[in-house]
Every structure is written in structure tokens, then in C-alpha cells.
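**Q** everything below, folded, please.
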Amino acid sequence: MTVLVGRVPGEEPGSGALVLGARLARALGGPLVVCTVTSPGDGTPAGPAPAVDGVEVETTVVEDRSVPGGLARAAHARQAAVIVLGDAPPGPGSVGARLARSADVPVAVAGDSAVHDGPVTRVTCAWGGGRHASRVLATAVDLARRTGGSLRVASFGPQRGTTVPSEAGLHAEEVVVEQWREQMLAAQRAALDELGVTDAETLAAAGATVEEAVMGIGWDDGELLVVGANAAGAATRVLLGDPGGAIVRGAPVPVVLTPGTTTLS
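**A** Below you'll find the predicted structure:
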């Protein structure tokens, strides 16, 4: 299964995107293709392939007026299972945002923190319900199985009780949050049962903000977070608004944005 890394011209060989791409290539057992997108007629050569232990690496250059468009075209031509970028984190108008909106394969984003270069230890799926939720979970299940990592399913929500002045209001907010938590856990377990998964951890975390809820559940250095590119309704809202955008912003580990219409295979 080919892993395609989108490389920015002049990017250092040890960049987060390349380290994350190498981790995924080792886990998926396929080659790594480092792709640079240049403007038509630019003439930039592909350059030498970086040395990566245990992974076959090649470089390629694609000419396109759009970096996301060029990467999507290269991924299709190479039948890549995933595209890896170094956005930190992907925000409105970034390559990651535009590619996640249009790509038909998962987009893994290294982020701005140091990327762990060891094996994948755990895969967490952000569960929010909705039309594509089961397929997003299927991608996370597939990724966990292929990498050998454990699986965790988590829902995140804001607990706005601190903004309610009365004691009665605080209690009412706590009741609402607890009902939400029970609904999310029940939906998670039902979706896992449909996929035949019995060994996944499930949780529903609420915080003063969604970002706080994300940060509060504890993360491994070797972890990946899978988020649906349609998690907040329209495809772009995962990068623009709550709850999807807040989950991406709060994640301290690399994020895999998936369209929720296909697994890695």
C-alpha cells in the first residue's frame, strides 16, 4: 500500500511529514513516494530519494497550478492509500484543508509538534455520529489492525455549565452532559458491534471547550487520531468550526482526516 508524502520545495529531509509517512509505510508494508508539486513549466527536478530505514522510497514531481490538485492526481496515479502532509495544524485555506475537502483517500497531517518515529501504538477515532460516522470508524479500525495499534473511540463535547450562574442551571447542564455521554457511548458500542470489534476502549469527554476535552483524555507518543472530513456536517467545517475543527486544533498527535467513504484498502 503506497504512502504519498507531499513535500514542500526546500523542506528538510527529516520533516514531520516524512517521518510520519515512513511510520505509515512501515506499518502498511508499502513504498513511500515523496511528491513535490510545481507550477507548469517550472522544471524543478525530483531530486534524490531520502534514505528511510526499512522503506523503499522514490521521489516524483507533478506539475499543477494547484498543490492539492497535484497531490490528489499523484495519489490517484500511484494508487496511494494515504496522503501525508506537514500542515500544523491544517486551517482554512491550507493545503491540508483543501485536500481533505476534495481527496477520496485519507489525508494524514503531521502537525507542528515533534512526530514520534516509532510504531503506531494506538489509533483513536473521533466519534460524532452522522451519516459517515460508521465509515470513519471503519477506517480507524482498519488502520489499527494494519499498524498493530490498539483502538479507542472517543466523543468530545463542551460543558458550558461554568457560564450558567445559578446552581439549578449548573445541575441542568450536568444532566444534559451526562445524557449526551450515555448517547455517545451507546452509539459507539453499536457501531463497533456492527464491525465485529470487541476490544476497543470507548469514552465520551466533556470540557469547558472541545479543545480542552480533547487534551484531557491522555495521549500516547505513538498515537494517531482519525477524524471524519464531514465530522461537522459540510466537508469544510471539520477545519472551520465546531466540533470537528476544535478536535483537530486540540489534538496533540498526528491527525488522519478521512472522507468516510472508503477504508485504506
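
**Q** burial of residue 67, as a residue count?
**A** Neighbour count of residue 67, defined by other CB atoms under 10 Å: 20. (C-beta placed from N, C-alpha, C; glycine too.)

**Q** for it, what are its contacts?
**A** By CB atoms under 8 Å, 6 or more residues apart in numbering, the residues touching residue 67 are 6, 37, 95.

**Q** so which of those residues sit within helices?
**A** The helices, defined by DSSP state H, take in residue 95 from the contacts of residue 67.

**Q** what about the contacts of residue 67, which one has the most neighbours?
**A** residue 6 (29 neighbours).

**Q** next, count neighbours for the residue nearest to residue 181 when sequence neighbours are not counted.
**A** Nearest residue to residue 181 in three dimensions, chain neighbours excluded: residue 204, at 4.2 Å (CB to CB, 6 or more residues apart in numbering). Close neighbours of residue 204, defined as other CB under 10 Å, add up to 23.

**Q** which residues are contacting the host helix or strand of residue 204?
**A** Assigned by DSSP states H and E, residue 204 belongs to strand 201-207. Residues outside strand 201-207 that contact it (CB under 8 Å, 6+ apart): 150-159, 177, 180-181, 184-185, 188-189, 192, 213-217.

**Q** inside helices: which ones of these?
**A** Cross-referencing the contacts of strand 201-207 against helices under DSSP H gives 177, 180, 181, 184, 185, 188, 189, 192, 213, 214, 215.

**Q** my read: the fourth one touches residue 127, true?
**A** Yes. Under the criterion of CB atoms under 8 Å, residue 184 lies in contact with residue 127, with a separation of 6.7 Å.

**Q** neighbour-wise, which of those two wins?
**A** Using other CB under 10 Å, the more surrounded residue of residue 184 and residue 127 is residue 127, with 29 against 23.

**Q** next one: phi and psi at that one?
**A** Reported as degrees, to the nearest 10, the phi and psi values for residue 127 are phi -100, psi 120.

**Q** relative to residue 244, how far out is it?
**A** If you measure residue 127 against residue 244 using CB to CB, to the nearest Å, the figure is 12 Å.

**Q** before we move on, the earlier item: common neighbours of residue 184 and residue 127, please.
**A** Joint contacts of residue 184 and residue 127 (CB under 8 Å, 6+ apart) are residue 155.

**Q** which members of the contacts of strand 201-207 are classed as buried?
**A** 150-159, 177, 181, 184-185, 188, 192, 213-215 (16 or more other CB atoms under 10 Å).

**Q** distance of residue 61 relative to residue 41?
**A** For residue 61, the distance to residue 41 equals 12 Å [CB to CB].

**Q** so these two - more neighbours on which side?
**A** Between residue 61 and residue 41, counted using other CB under 10 Å, residue 61 has the larger neighbour count: 19 against 6.

**Q** quick one: residues contacting that one.
**A** 35, 36, 37, 38, 44, 45, 46.
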